[in-house]
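# sequence and computational prediction follow.
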Amino acid sequence: MKLAHVPLRVSVGAFILNSGLGKRSLEGEAAQGVHGMAVGAIPQLGALPPERFAMLLSRGEIALGAALLAPFVPSVLAGLGLAAFGAGLVQLYLRTPGMREPGSLRPTPQGIGLAKDVWLVGAGLTLVLDDLTLRRRRLR
């Protein structure tokens with residue numbers, strides 16, 4: 001891992017790991033709420049029961065957070081995972097009614113929490129591009 005990647009990977013990794021750990025015990029209405037919002041953006045997720053979805057989401061966040069924190073995981077792989085996860089959250093923002101002002105990408109007060117997740121896509125792509133350009137320079 002490149003030293004310059006450490007602050008980004010530690011801060012984002014710890015945040016996502018904590019989020020995943022917090023979702024380990026989601027049940028009942030809490031699991032239904034998270035599941036319902038996800039199904040609104042990605043209808044195929046409706047095939048999963050809410051508790052199973054919450055458990056898989058928790059495990060996915062824990063795995064991603066751990067990958068970002070683990071120095072032996074290449075930044076290109078950690079970055080791809082982070083960009084994909086962030087893209088899913090941005091999709092949730094774009095497809096959930098009431099998150100954006102009508103006819104605009106600007107968030108409503110309710111949408112700010114999801115709109116801010118665009119930074120995860122940017123952070124992930126930064127890790128990927130920096131790692132790929134570093135490898136390319138080494139090959140020359």
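Structure's in. What do you need?
# any idea which helix or strand in the protein has the lowest mean pLDDT?
Every helix and strand in the chain was compared by mean pLDDT, DSSP states H and E; the lowest is helix 118-139, with a mean of 87.
# got the CA positions of that one in CSV?
In CSV, the C-alpha atoms belonging to helix 118-139 read as follows (Å, rounded to 0.1, in the frame of the first residue of the first chain):
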residue,chain,number,x,y,z
VAL,A,118,-20.7,10.4,-4.0
TRP,A,119,-17.4,10.9,-2.2
LEU,A,120,-17.1,7.1,-1.8
VAL,A,121,-17.1,6.8,-5.6
GLY,A,122,-14.5,9.5,-5.9
ALA,A,123,-12.3,8.0,-3.2
GLY,A,124,-12.5,4.5,-4.7
LEU,A,125,-11.7,5.8,-8.2
THR,A,126,-8.8,7.8,-6.8
LEU,A,127,-7.3,4.6,-5.3
VAL,A,128,-7.8,2.7,-8.5
LEU,A,129,-6.3,5.3,-10.8
ASP,A,130,-3.4,6.2,-8.6
ASP,A,131,-2.5,2.5,-8.2
LEU,A,132,-2.8,1.8,-11.9
THR,A,133,-0.7,4.9,-12.9
LEU,A,134,1.9,3.9,-10.3
ARG,A,135,2.1,0.4,-11.8
ARG,A,136,2.4,1.9,-15.3
ARG,A,137,5.3,4.1,-14.2
ARG,A,138,7.1,1.1,-12.7
LEU,A,139,6.8,-0.8,-15.9
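# name the residues of it that are buried.
Residues of helix 118-139 classed as buried under the neighbour-count rule (16 or more other CB atoms under 10 Å) are 120, 121, 123, 124, 125, 126, 127, 128, 130, 131. No exception for glycine: its C-beta is placed from N, CA and C like everyone else's.
# low-scoring stretches of this protein, by residue?
Scanning the chain for pLDDT under 70 picks out 135-140.
# the helices in it, which residues?
Along the chain, counting by DSSP state H, helices occupy 6-22, 28-41, 50-69, 75-95, 112-115, 118-139.
# can I get these in TSV including distance to residue 105?
Output for the helices of the chain, formatted as TSV (distance: least, CB to CB, whole Å):
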stretch	distance to residue 105
helix 6-22	23
helix 28-41	15
helix 50-69	25
helix 75-95	8
helix 112-115	8
helix 118-139	10
